[in-house]
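Q: Okay, sequence plus prediction incoming.
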Amino acid sequence: MRAEVIIIGGGPAGMAAALFAKRAGASVLLLEHNEKLGKKLYITGKGRCNVTNDCEQEEFLRHVLRNPRFLYAALNHLSPSGLIDLLHSLSCQTVTERGNRVFPASQKASDVTKAFAGQLAANEIRLHAQVVDIVTEGHTVTGVRLADGAIIPAKAVILATGGLSYPITGSTGIGHELAKRLGHTILPCSPSLTGFNTQDAWPKKLQGLTLKNVKLSATWPRKGKFTEQGELLFTHFGVSGPLVLSLSGFLAGSDPTAALVTLDLKPALSPAMLEERLLGDIKTNSRRTLHSLLREYLPASMAAVFPDILGLDGSITLNQFTQKDRDTLIEGFKNLPLRLHTARPFKEAVVTKGGMDVREVNPSTMASKLVGGLYFAGELLDVDALTGGFNLQIAFSTGALAGTSAAHAIH
Ligand SMILES: Cc1cc2nc3c(=O)[nH]c(=O)nc-3n(C[C@H](O)[C@H](O)[C@H](O)COP(=O)(O)OP(=O)(O)OC[C@H]3O[C@@H](n4cnc5c(N)ncnc54)[C@H](O)[C@@H]3O)c2cc1C
């Protein structure tokens with residue numbers, strides 16, 4: 001078995017690399033150690049496969065958390081609309097939903113995998129093939145070594161083995177190790193787009209509750225500020241959901257306990273408006289308890305624990321409610337402190353912060369600046385973005401550019 005271009009890893013980056021290298025005239029071999037290609041695709045977009053975000057480049061890059069400028073050439077090579085057109089041309093129709101999120105119309109990841117893999121012949125894909133080393137002569141790649149000891153020669157190798165997130169899907173971080181052996185720098189990795197364990201117990205008591213339209217704000221040393229409105233989920237470990245995942249993208253690698261995080265449960269109401277509403281309620285319902293009143297302001301499970309969180313007595317009637325109690329309640333609605341403890345581990349993270357230092361990779365080709373014939377693509381690079389289809393597009397775009405460049409360099 002031989003090929004001009006070997007692609008290590010059959011995720012979105014590797015599949016795009018194989019397709020684009022083949023289209024550019026190279027003979028290709030895609031090596032994947034799982035029993036199927038694109039395993040992680042099946043869990044993206046809540047199982048519906050959020051392939052990309054159909055927005056303009058400037059908007060796209062605003063959602064990239066690290067090294068956005070590294071992506072210019074890759075996104076020009078395969079833009080979100082280019083990917084959508086490509087999928088359509090490969091019989092995978094798409095639908096675009098709220099926030100420009102794009103899904104296969106069938107909502108099946110297998111249709112995306114089929115679109116790419118369908119362009120490769122059976123002898124161009126090898127499953128259950130684990131690469132354990134990249135073979136070089138001098139400073140140029142000559143092939144790869146498999147776990148069974150076999151060496152497959154190649155003129156170019158594209159490393160697309162993913163990061164460290166969700167290792168159950170096959171991305172174990174071995175790509176970092178392979179690159180490191182060849183002299184590349186691997187920056188420290190941390191889980192990103194993940195939930196947080198909390199210091200306080202009360203979020204855990206609310207597990208399963210989703211708060212919609214709340215505002216999450218945070219400040220932390222040196223890095224600055226985060227404020228976003230949306231959905232937050234309480235879990236058995238603390239907090240998760242879209243708002244928290246976004247926050248974790250910014251906080252990844254820093255100490256979450258140093259962040260001052262607050263929740264605005266009533267972003268549409270100013271403190272003065274809340275006070276007015278409370279005073280009206282107190283006047284007309286003076287014999288009601290605080291617990292009972294709170295059920296009109298908050299979901300029942302949160303209303304039950306809210307007085308405790310704020311150090312108030314939920315059983316007192318509203319006619320006993322003092323100005324100080326009112327101020328405490330309003331402060332609780334507008335600035336409820338959420339004390340984070342630690343980020344959830346890699347096995348639950350959507351992406352990896354850190355990895356291959358992109359200063360050692362040519363952004364116009366995805367080629368290694370250190371080793372001839374070596375290319376990189378996808379999540380193993382130190383480039384990551386917020387949720388919404390951006391990370392998959394980064395994988396497809398960097399893969400496509402690496403594939404085309406590797407093929408052109410050979411011919
Ligand atoms: C729960 C979850 C939800 C997500 N949701 C979204 C979303 O909605 N939108 C979005 O844009 N992104 C989402 N992502 C992120 C996205 O899936 C990844 O960024 C993307 O899959 C990275 O693609 P990749 O090809 O670089 O790596 P991967 O998809 O990880 O693929 C790497 C491949 O390499 C193979 N491999 C590894 N080592 C070897 C080896 N030594 N030999 C052979 N093969 C090897 C692996 O088995 C794997 O198939 C989500 C991720 C998770 C975990």
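A: The structure has been received and is ready for your questions.
Q: what does the stretch 51-200 of the chain have sitting close to the ligand?
A: Residues of the stretch 51-200 of the chain lying close to the ligand by C-beta under 6 Å from any ligand atom are 130-131, 160-162, 165-166, 169-172, 174-175. In this view, the C-beta of every residue, glycine as well, is placed from N, C-alpha and C.
Q: Pull the contacting residues for the nearest residue to Pro191 once chain neighbours are set aside.
A: Across the structure, with C-beta to C-beta, 6 or more residues apart in numbering as the measure, the residue nearest Pro191 apart from its sequence neighbours is Ala349 (3.4 Å). Contact criterion C-beta atoms under 8 Å, 6 or more residues apart in numbering gives Leu164, Ser165, Tyr166, Pro191, Ser192, Leu193, Thr194, Ala343 as the residues in contact with Ala349.
Q: if you set the cut-off to 6 Å instead, what comes out?
A: Contact criterion C-beta atoms under 6 Å, 6 or more residues apart in numbering gives Ser165, Pro191, Ser192, Thr194 as the residues in contact with Ala349.
Q: Other residues contacting the lengthiest helix in the chain?
A: With DSSP state H setting the assignment, residue counts place helix 390-410 as the longest helix in the chain. Residues outside helix 390-410 that contact it (C-beta under 6 Å, 6+ apart): 4-5, 12-13, 16-17, 20-21, 24-26, 51-53, 63, 74-75, 77-78, 80, 83, 155-156, 158, 160, 351, 365-366, 375, 377-378, 383, 385.
Q: out of those residues, which are inside strands?
A: Restricting these to those inside strands, with DSSP state E as the criterion, leaves Val5, Thr52, Asn53, Ala156, Ile158, Val351, Tyr375, Ala385.
Q: Touching, the fifth one and Ala17? I think so.
A: Yes: counting by C-beta atoms under 6 Å, Ile158 does reach Ala17; the two are 4.6 Å apart.
Q: Thought Arg2 was touching Ser27, still the case?
A: No: with contact defined as C-beta under 6 Å, Ser27 does not count as touching Arg2 (8.0 Å).
Q: In terms of packing, which of these two has more residues around it?
A: Comparing Ser27 with Arg2 by neighbour count (other C-beta atoms under 10 Å), the higher total belongs to Ser27, at 17 against 11.
Q: how about the helices in the stretch 1-150 of the chain?
A: Counting by DSSP state H, counting those that start in this stretch, one finds helices in the stretch 1-150 of the chain at the ranges 12-23, 57-62, 72-77, 80-89, 109-117.
Q: any chance of the ones you listed in TSV, plus distance to Ala272, mean pLDDT and mean neighbour count?
A: Converted to TSV, the helices of the stretch 1-150 of the chain look like this (distance: least, C-beta to C-beta, whole Å; pLDDT from 0 to 100; neighbours: other C-beta atoms under 10 Å):
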stretch	distance to Ala272	mean pLDDT	mean neighbour count
helix 12-23	50	98	29
helix 57-62	33	97	15
helix 72-77	46	98	19
helix 80-89	43	98	17
helix 109-117	49	97	22
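Q: Give me the below-cutoff pLDDT ranges for the stretch 101-250 of the chain.
A: In the predicted model of the stretch 101-250 of the chain, residues 223 satisfy pLDDT under 70.
Q: got a list of what Leu312 touches?
A: Under the criterion of C-beta under 6 Å, 6+ apart, the contact list for Leu312 reads Asp325.
Q: rerun that using 8 Å as the cut-off
A: Neighbour list for Leu312: Leu290, Asp325, Thr328, Leu329 [criterion: C-beta under 8 Å, 6+ apart].
Q: Please identify which of the residues you listed is nearest to Leu90.
A: Distances from Leu90 to the contacts of Leu312, taken as C-beta to C-beta, are shortest for Leu329 (56.8 Å).
Q: List the buried residues of the helix or strand that contains that closest one.
A: Element membership for Leu329 (DSSP states H and E) is helix 323-334. Taking 16 or more other C-beta atoms under 10 Å as the neighbour-count basis, helix 323-334 is seen to contain the buried residues Asp325, Arg326, Leu329, Ile330, Gly332, Phe333, Lys334.
Q: again with stretch 156-172
A: Across stretch 156-172, burial judged by 16+ other C-beta under 10 Å covers 156-166, 169-172.
Q: Which single residue of the stretch 201-350 of the chain ends up nearest the ligand?
A: At 4.2 Å from the ligand, Val350 is the closest residue in the stretch 201-350 of the chain, using C-beta to the nearest ligand atom.
Q: Spatially nearest residue to that residue (excluding sequence neighbours)?
A: Using C-beta to C-beta, 6+ apart and skipping the chain neighbours, the partner closest in space to Val350 is Leu193 (3.6 Å).
Q: Now do the contacts for that neighbour.
A: With contacts defined as C-beta under 8 Å, 6+ apart, Leu193 is in contact with Leu245, Ser246, Ser248, Gly249, Ala349, Val350, Val351, Asp384, Leu386, Thr387.
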